[in-house]
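could you work out the structure for the sequence below:
(one chain, ligands or ions: 1)
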Amino acid sequence: MKILVAGGAGYIGSCTTEYLLERGHEICVFDALLNGHRQAVDPRAKFVKGNLEDYSAISNAIHDFQPEGVIHFAAFIEVGESMKLPGKYFRNNVANAMNLAEACAQNGVRKIVFSSTAATYGMPKNVPIKETEPTIPINPYGESKLMFEKVLRWYHDIHGLQYTALRYFNAAGATPVHGEDHHPETHLIPLVMQAAEGKRPKISVFGTDYDTPDGTCIRDYIHVLDLAQAHLLALENQDSGAFNLGTGQGHSVKSIIDTVKSVTGLDFPVEYAERRPGDPARLIADSTAAKTVLGWKPQYDDINAIVESAWKWRRLYPNGYED
Ligand code: UDP
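Numbering: from 1, shown residues only. Got it, this is the predicted structure:
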């Protein structure tokens, strides 16, 4: 299949591009390199540097490459920043993304697969979370993702553009060559590893009084290659809708810190701090629908293996990508 990957220079985008290339697909990466890295673009892929705010840039890229499918990773992802700069999130994650949807519809793309998020659920009442759980986001980031899911539903109904929204839980891990290098870094596992490497003085645990067995928040960490597999299955599928992607297992912040200590063999200071506003106590996916409808078969169900893959990549790229 010819597949255009918008945001293919970012973390999940670069890992998915690698996964698709390994399976013989032809890839064009479209990325503005605002947060992504040129070095993360797989050399086997065609590369177009462009920003989704520019309709003619994305429309020309799709017109020239003629992809059957498009995957959309090119979005801003920081919850905390979205609470300070909501306009930045709605402009890029909704308005600019609409240029991509329009360009797909105008150029005969069959399917678009969209990186959505568990943040669309806000504070869920029922955990593990099914897709039928009400979507009531509690920050502009989650709202922007939900808004674009709705845009895609209308493009499907009116223009016949097939779509799959994949609601990721906590993406983690790395491939041998592609991994997570965000600036600034806000995610737990890379931050704990920076503490292990001595690149930060300590790791802060945000809240120890949650209603969980050890008092710290529980999340569902899913390996980035299992996410990649779901994107290919979604492209091959002819239906439209949203799917949760997680392992169905929850890990507390404290247990992640212990896992990083044991995988790296390194010790570092841990500080118990205040809650971070807007953090639900438990987010765990029920991914039954992705398994039964898409045929998704996640390969990594062991948090040690997930953390080990991230650690291997960091040792290969101690300073992250160079550009
Ligand atoms: N977290 C933490 N310390 C940090 C960063 C994150 O305790 O320095 C916690 C955070 O409060 C949440 C969990 O780790 O409960 C996962 O956070 P992350 O930002 O990685 O992902 P999120 O679940 O917010 O998407």
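
quick one: contacts for the closest residue in space to G198 that isn't next to it in sequence?
With C-beta to C-beta, 6 or more residues apart in numbering as the criterion, G198 has its nearest non-adjacent residue at 7.4 Å, and that residue is F268. Where C-beta positions appear, they are placed from N, C-alpha and C, glycine not excepted. The neighbourhood of F268, defined by C-beta atoms under 8 Å, 6 or more residues apart in numbering, consists of A195, A196, G198, K202, I203, K261.

out of the residues you listed, who's the most crowded?
A195 (24 neighbours; other C-beta atoms under 10 Å).

which parts of the one helix or strand H63 maps to are buried?
Element membership of H63, judged by DSSP states H and E, is helix 55-65. Across helix 55-65, burial judged by 16 or more other C-beta atoms under 10 Å covers A57, I58, S59, A61, I62, F65.

format those as a markdown table; extra columns: pLDDT and distance to I303.
Listed next are the buried residues of helix 55-65 as a markdown table, based on pLDDT from 0 to 100; distance: C-beta to C-beta, whole Å:
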| residue | pLDDT | distance to I303 |
| --- | --- | --- |
| A57 | 98 | 40 |
| I58 | 98 | 37 |
| S59 | 98 | 42 |
| A61 | 98 | 38 |
| I62 | 98 | 39 |
| F65 | 98 | 38 |
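
out of the residues you listed, which one sits closest to the ligand?
I58 (27.4 Å; C-beta to the nearest ligand atom).

give me every residue that touches that closest one.
Shown in contact with I58 (C-beta under 8 Å, 6+ apart): A6, F30, G50, L52, N99, L100, A103.

ok, V192 touching I256?
Yes - taking C-beta atoms under 8 Å as the definition, V192 is a contact partner of I256 at 6.4 Å.

report pLDDT for D323.
In this prediction, D323 carries a pLDDT score of 70.

ditto for K2
Value listed for K2 in the pLDDT field: 98.

tell me how many other residues crowd it.
15.

how far away is it from W313?
K2 sits 28 Å away from W313, going by C-beta to C-beta, to the nearest Å.

now D64
33 Å.

with H182 instead?
13 Å.

higher neighbour count, the two?
W313 (21 against 15).

quick check: buried residues in the helix or strand hosting that one?
Element membership for W313, per DSSP H and E: helix 303-316. By 16+ other C-beta under 10 Å, the buried positions in helix 303-316 come out as I303, I306, V307, E308, S309, A310, W311, W313, R314.

that older thread, would you reformat the contacts of I58 as a markdown table and include distance to the ligand and secondary structure?
Formatted as a markdown table, these follow (distance: C-beta to the nearest ligand atom, whole Å; DSSP: H, G, I helix; E, B strand; the rest coil):
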| residue | distance to the ligand | secondary structure |
| --- | --- | --- |
| A6 | 21 | strand |
| F30 | 25 | strand |
| G50 | 28 | coil |
| L52 | 23 | coil |
| N99 | 26 | helix |
| L100 | 23 | helix |
| A103 | 29 | helix |
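
most surrounded residue in those?
A6 (30 neighbours).

pretty sure it contacts I71?
Yes - taking C-beta under 8 Å as the definition, A6 is a contact partner of I71 at 7.0 Å.

any residues in contact with both of those two?
G13.

list the contacts of the residue of the chain found nearest the ligand.
In the chain, the residue that lies nearest the ligand is C217 (3.0 Å; C-beta to the nearest ligand atom). Neighbouring residues of C217 by C-beta under 8 Å, 6+ apart: F206, G207, Y210, S252, V253, D279, P280, A281, R282.

neighbour count added to those residues, as CSV?
Compiled in CSV, those are given as follows (neighbours: other C-beta atoms under 10 Å):
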residue, neighbour count
F206, 16
G207, 18
Y210, 19
S252, 20
V253, 25
D279, 16
P280, 18
A281, 17
R282, 17
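
so which of the residues you listed are in strands?
Judged by DSSP state E, those include F206, S252 as members of strands.

the contacts of C217: which ones sit near the ligand?
Among the contacts of C217, the ones lying near the ligand by C-beta under 6 Å from any ligand atom are F206, V253, D279.

which one of those residues is nearest to Y221?
V253 (11.2 Å; C-beta to C-beta).

I'd say N304 and T264 touch.
No - taking contacts as C-beta under 8 Å, N304 lies outside contact range of T264: 11.4 Å.

would you mind listing what in this protein touches the ligand?
79, 170, 186-188, 191, 203-206, 217, 219, 253, 276, 279.
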